[in-house]
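**Q** Pasted the sequence and its predicted model underneath.
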Amino acid sequence: MTTSSTFQPRPFRPAVWAPGPHAQTLLARAIRPPTRLVYQRERIATPDGDFLDLDWTPEADESGPIALVLHGLEGSAERRYVRNVCSELQARGVRSVVMNFRGCSGESNLQPHFYHSGETGDPRFVLQMLRERYPSARLGALGFSLGGNVLLKLLGEHETGGVGLIQAATAVSVPYDLAAGCALLEQSIMGRAYSGYFMRSLRGKVQLKRQMLEPLLDLEAVLAARTIREFDERATAPLNGFDSAAHYYRECSSNGFLQSIRVPTFLLHAEDDPFLPPGSIPTKAVRENPHLSMARHARGGHVGFIEGTPSKPRFWAEEESARFLAVMCS
């Protein structure tokens with residue numbers, strides 16, 4: 001089944017008052033309105049002695065579909081783009097469950113390792129739990145940025161390409177080539193500013209687990225890291241069994257897994273995304289796999305896609321992602 005045969009996204013009309021990639025990226029973060037959505041938290045134990053916090057939206061329809069939502073780097077269920085897409089799903093009769101990656105729910109996780117861009121064991125564990133708990137429910141999944149990379153890798157490495165695990169997936173602003181994305185962030189003042197924002201959060205998490213990590217890492221070198229690549233070289237790679245950041249990026253970039261996906265999957269991406277050069281958008285892989293479709297736009301930034309007016313903005317990617325899952329999981 002191809003997504004394009006059953007779903008046509010609404011055209012994206014970028015807001016003229018939010019020109020350029022950084023306006024789309026940063027204004028979206030600033031002006032998304034808060035939602036009234038109230039989560040119900042569930043903590044589940046993982047097989048390795050850790051825990052995951054899941055945030056559930058209210059049940060829209062007891063017989064309706066369920067969507068697993070994966071946030072981006074250093075995000076959580078509380079990020080407004082996550083809350084917004086959960087509201088969009090709720091309005092369409094789809095219940096959401098947001099998986100907070102380890103250490104992202106407001107409490108440090110118990111194991112030395114953190115989440116990373118290719119760590120698919122946790123979302124697979126959650127999806128299998130959902131399948132067992134709700135055997136007749138139609139399941140979908142949605143990932144933003146890092147969460148999208150994780151989701152696509154999970155589907156591509158799954159033994160059936162995702163068939164039997166979920167009915168459909170969508171991914172927004174994915175860094176399909178992790179090395180290319182990190183290199184782009186290092187090339188400009190704004191890219192270094194984005195990296196600095198993430199690094200402050202990552203260094204804080206290392207400090208919280210300092211005693212646990214001291215036997216495993218050169219903590220002074222980790223805390224001195226100023227770029228995501230340096231952090232991955234000094235922390236992510238050694239904690240997760242990779243030889244280097246380059247090895248980690250080769251093994252975990254989702255562009256190497258797209259050809260194996262066998263469930264309807266909708267990809268949304270902007271050519272001006274400051275987290276990935278346009279030449280790394282996997283247009284050829286999408287064209288060659290009939291289970292994939294992509295809405296590729298010249299503008300939109302990173303998890304931006306702002307439309308409408310300043311007083312009534314709309315967020316195209318969240319709307320169309322939710323609509324896709326509602327259609328494909330109905």
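**A** Ah, there it is.
**Q** can you give me the helices for the stretch 1-150 of the chain?
**A** 21-31, 80-91, 121-133, 146-157 (DSSP state H, counting those that start in this stretch).
**Q** where does the chain have low pLDDT?
**A** Where the chain drops to pLDDT under 70, the residues are 1-5.
**Q** at 90 what do you get?
**A** Confidence mapping of the chain against pLDDT under 90 gives the ranges 1-6, 59-63.
**Q** Longest helix in it, please.
**A** The longest helix of the chain (DSSP state H) is helix 189-208.
**Q** Tell me how this protein divides into domains.
**A** Here the domain parsing of the chain from automatic domain parsing is 3-177+254-328, 186-252.
**Q** Switch those domains over to JSON lines; also include mean neighbour count.
**A** Glycine gets a C-beta too; all of them are placed from N, C-alpha and C. Compiled in JSON lines, the domains of the chain are given as follows (neighbours: other C-beta atoms under 10 Å):
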{"stretch": "domain 3-177+254-328", "mean neighbour count": "20"}
{"stretch": "domain 186-252", "mean neighbour count": "17"}
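**Q** quick revisit: could you say which one of the helices of the stretch 1-150 of the chain comes nearest to Glu271?
**A** Glu271 lies closest to helix 21-31 among the helices of the stretch 1-150 of the chain, at 9.1 Å (C-beta to C-beta).
**Q** Send over the host helix or strand of Glu220 as PDB, restricted to the C-alpha atoms.
**A** Using DSSP states H and E, Glu220 sits within helix 219-223. The C-alpha coordinates for helix 219-223 follow below in PDB (Å, rounded to 0.1, in the frame of the first residue of the first chain):
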ATOM      1  CA  LEU A 219      33.900  13.300  32.600                       C
ATOM      2  CA  GLU A 220      36.100  16.300  32.300                       C
ATOM      3  CA  ALA A 221      36.300  15.800  28.600                       C
ATOM      4  CA  VAL A 222      32.600  15.100  28.300                       C
ATOM      5  CA  LEU A 223      31.700  18.300  30.300                       C
END
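**Q** List the contacts of it.
**A** Outside helix 219-223, the residues that touch it by C-beta atoms under 8 Å, 6 or more residues apart in numbering are 203, 206-207, 210, 213, 231, 234-235.
**Q** Now with 6 Å, please.
**A** Helix 219-223 is touched from outside by 203, 206, 234-235, with contacts defined as C-beta atoms under 6 Å, 6 or more residues apart in numbering.
**Q** continuing past it, what's the next helix or strand?
**A** Immediately after helix 219-223, counting by DSSP H and E, sits helix 228-231.
**Q** Can you give the distance from that following helix to the centre of its chain?
**A** 19 Å (C-alpha atoms, centre = their mean, to the nearest Å).
**Q** tell me which strands and helices that helix is in contact with?
**A** Of the remaining helices and strands, none touches helix 228-231 by 3 or more C-beta pairs under 6 Å, 6 or more residues apart in numbering; DSSP states H and E.
**Q** Check which element follows it along the chain.
**A** Immediately after helix 228-231, counting by DSSP H and E, sits helix 237-239.
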